[in-house]
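Visitor: could you work out the structure for the sequence below:
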Amino acid sequence: MNTKILILLGLAALATADSGEFRGYGDSQQSFESYESDDAKYNFNWAVKDDDSGNDFGHQEGRDGDNTQGSYYVHLPDGRLQQVAYQVVGDDGYIADVQYEGEARYPDSFESRESPRYTPPRPAYYDSNESK
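Guide: Numbers count the residues shown, from 1 in each chain. Sure, this is the predicted structure:
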């Protein structure tokens, strides 16, 4: 009896698939309409400034068709501000102008930094032949 029910369910699934009610990923009859535009146009801008951590960076970009222009900036760990202005026109590639403000500052030596130095622990070996 169970075999007859399984065969009946299998035939019902096959009939549903053939009738077009079920369409899988591989169905070649399915078509999609593209809403993609040839002329891309956008503008965005964002920035982060956190005095506690020292993070200060941002980015802005605008695009109209094949012409993209933008800039970004970041405060480097050495104290300088790096600013990059860029543009992309058609297939000419990415053209960037990189500028730095300020002068790089480094500590005199590693020991003069405020953070403590990491010292790995000394290895300890156990000799299984030793008596306790």
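Visitor: let me see the contact set for the nearest residue to N45 once chain neighbours are set aside.
Guide: Counting by Cβ to Cβ, 6 or more residues apart in numbering, N45 lies nearest to Q60, which is 4.1 Å off, once chain neighbours are set aside. In this view, the C-beta of every residue, glycine as well, is placed from N, C-alpha and C. Taking Cβ atoms under 8 Å, 6 or more residues apart in numbering, we find Q60 in contact with 43-46, 70-72.
Visitor: ranges for the strands of this structure?
Guide: 41-50, 55-64, 67-75, 81-89, 94-101 (DSSP state E).
Visitor: so, low pLDDT: which residues of this structure?
Guide: 1, 6, 14-38, 107-116, 130-132 (pLDDT under 70).
Visitor: before we move on, back to that, separation between the residue nearest to N45 and T119?
Guide: Q60 sits 45 Å away from T119, going by Cβ to Cβ, to the nearest Å.
Visitor: then G90?
Guide: 57 Å.
Visitor: for K49, which non-adjacent residue is closest in space?
Guide: D56 (4.8 Å).
Visitor: touching, the one you found and P77? I think so.
Guide: No: counting by Cβ atoms under 8 Å, P77 is not a contact partner of D56; they are 11.8 Å apart.
Visitor: okay, now the closest residue to I95 other than its chain neighbours: neighbour count?
Guide: Once flanking residues are discounted, I95 sits nearest to Q87: 5.4 Å by Cβ to Cβ, 6+ apart. Q87 sits with 15 neighbouring residues when counted by other Cβ atoms under 10 Å.
Visitor: who touches Q87 in this structure?
Guide: Q87 neighbours (Cβ under 8 Å, 6+ apart): 67-70, 95.
Visitor: let's see that with 10 Å instead.
Guide: With contact set as Cβ atoms under 10 Å, 6 or more residues apart in numbering, Q87 has these partners: 67-71, 93-97.
Visitor: of these, which is the nearest to E103?
Guide: Comparing those against E103 with Cβ to Cβ places D97 closest, at 20.0 Å.
Visitor: now the closest residue to the closest one other than its chain neighbours, which residues is it bridged with?
Guide: Residue nearest to D97 in three dimensions, not counting chain neighbours: A85, with 4.8 Å by Cβ to Cβ, 6+ apart. Beta-bridge partners for A85, by DSSP bridges, are S71, D97.
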